[in-house]
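Asks: Next come a sequence and a model predicted from it.
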Amino acid sequence: MSSDALTGAQQSGGLSPWRLSVAPMMGWTDRHCRYFHRLLTRHTLLYTEMVTTGALIHGNAAQHLFFNTEEHPVALQLGGSEPTDLAVCARLGQERGYDEINLNCGCPSERVLRGAFGACLMGEAALVRDCVKAMVDVVDVPVTVKHRIGIDKVENYDFVRDFVGTVAEGGCQVFLVHARNAWLKGLSPKENREIPPLRYELAYRLKRDFPHLTVVVNGGITTDEQIATHLQHLDGAMIGREAYHNPWLMAGWDARFYGDEARPVPTREAVELAMIDYMERAHAEDGVNWYSIASHMLGLRHGLHGARKWRQVWSDHRLKPLPPREVWALAQAHVGGRSTELSAESLVPTL
Ligand SMILES: Cc1cc2nc3c(=O)[nH]c(=O)nc-3n(C[C@H](O)[C@H](O)[C@H](O)COP(=O)(O)O)c2cc1C
């Protein structure tokens, strides 16, 4: 591991479980995506998409909570604002085997009477504290909060400082900070991930003011160098879009950021083959179509020669009736020489 990646707690012993994580992303980080990401990095913490308390309490909880054992460590993100409902759902998550329960206070959504979730809750720190306490009281796994640095035009540091201070009183010790404001009116969710300016220094300041809390920064991180810089100030970095679009970035993380040189860096070919095994299994066991899995790995060859054509094969609707191994053979035609020196099986984490 390079020394620039080592700081504070890491130098004195164990690495923080929140050192690196892949952000919760609706429609993207489903269990298939997480299985794929796990083939690339053994240690990075993976977050589910947000699941609302309403969906768990009134819907098919077993289906919403299902995940592959290989995904550990994996955190369940909940959306909601009713302490009793959140407690019920946190309990369900723990019983199902999740390693952490996370509360979403970062999604830009306007307050509605009941069933609110996301960044609007930052305006109600006492309620979030009560939500956290209700969950902490019924589970043993960590309860964490993902939030922004402010809402709308509130740009002063005191707002996020007071939010963190109040929520910590409820028993939350880990704060995942998307370091930009959420503008609750006038911007789409996508614009809300791009337009409000990033202000990492506010996350750094939180860590200085609350040194006993774990503070993780999120937003706009695209390179290992940026991660290393953040780790000099904070306990962790959470990466969203770049991990999804350029997943190969994660292949070097175990060695560089966790000092785990034991597990050889996988090859893209081995990862792809492991995914085909997974597609076959998911189809046999749960009737899942290969293309709803393959859609998450389209970035695997990002930036490489032949990547566009390879991607086109894996996303070609006309190939849907074919078994995935045949689609793979077609895709291989566009990528030069394949190496299978690392077998697909060797990538799947041993349980
Ligand atoms: C498609 C998509 C869906 C998202 N869904 C969620 C979500 O369910 N919960 C959440 O807290 N954040 C969600 N986010 C925000 C990300 O977790 C992350 O905070 C944001 O993308 C900034 O990080 P990045 O610049 O590394 O992508 C989503 C982002 C994207 C792109």
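Replies: Yep, it's here.
Asks: average pLDDT across the host helix or strand of residue 293?
Replies: Using DSSP states H and E, residue 293 falls within helix 290-294. The average of the pLDDT scores along helix 290-294 is 98.
Asks: Measure how far the helix or strand just after that helix is from the centre of its chain, please.
Replies: Once the chain leaves helix 290-294, the next helix or strand it forms, by DSSP H and E, is helix 307-314. Once both centres are worked out by CA atoms, centre = their mean, to the nearest Å, helix 307-314 turns out to sit 25 Å from its chain's centre.
Asks: any residues touching helix 307-314, and which ones?
Replies: Around helix 307-314, the neighbours that count as contacts under CB atoms under 8 Å, 6 or more residues apart in numbering are 294, 297-298, 301, 319, 327, 330-331, 333-335. C-beta: built from backbone N, CA, C; applies to glycine.
Asks: Tell me how many other residues surround residue 189.
Replies: Taking other CB atoms under 10 Å as the neighbour definition, residue 189 ends up with a count of 12.
Asks: just checking, it is part of a helix?
Replies: No. Counting by DSSP: H, G, I helix; E, B strand; the rest coil, residue 189 falls outside a helix, being coil.
Asks: tell me the pLDDT at it?
Replies: 90.
Asks: so it touches residue 106, yeah?
Replies: No. Residue 189 lies out of contact with residue 106 (CB atoms under 8 Å); the separation is 10.6 Å.
Asks: Show the contacting residues for the residue in the stretch 101-250 of the chain that the ligand sits nearest to.
Replies: Per CB to the nearest ligand atom, residue 240 is where the stretch 101-250 of the chain lies closest to the ligand, at 2.7 Å. By CB under 8 Å, 6+ apart, residue 240 lies in contact with 22-23, 25, 218-219.
Asks: Spell out which parts of the stretch 1-150 of the chain neighbour the ligand.
Replies: Selection of the stretch 1-150 of the chain residues close to the ligand by CB under 6 Å from any ligand atom yields 23-28, 49-50, 77, 104, 106-107, 146.
Asks: one more time with 5 Å, if that's ok
Replies: Within the stretch 1-150 of the chain, the residues that sit near the ligand (CB under 5 Å from any ligand atom) are 23-26, 49-50, 104, 106, 146.
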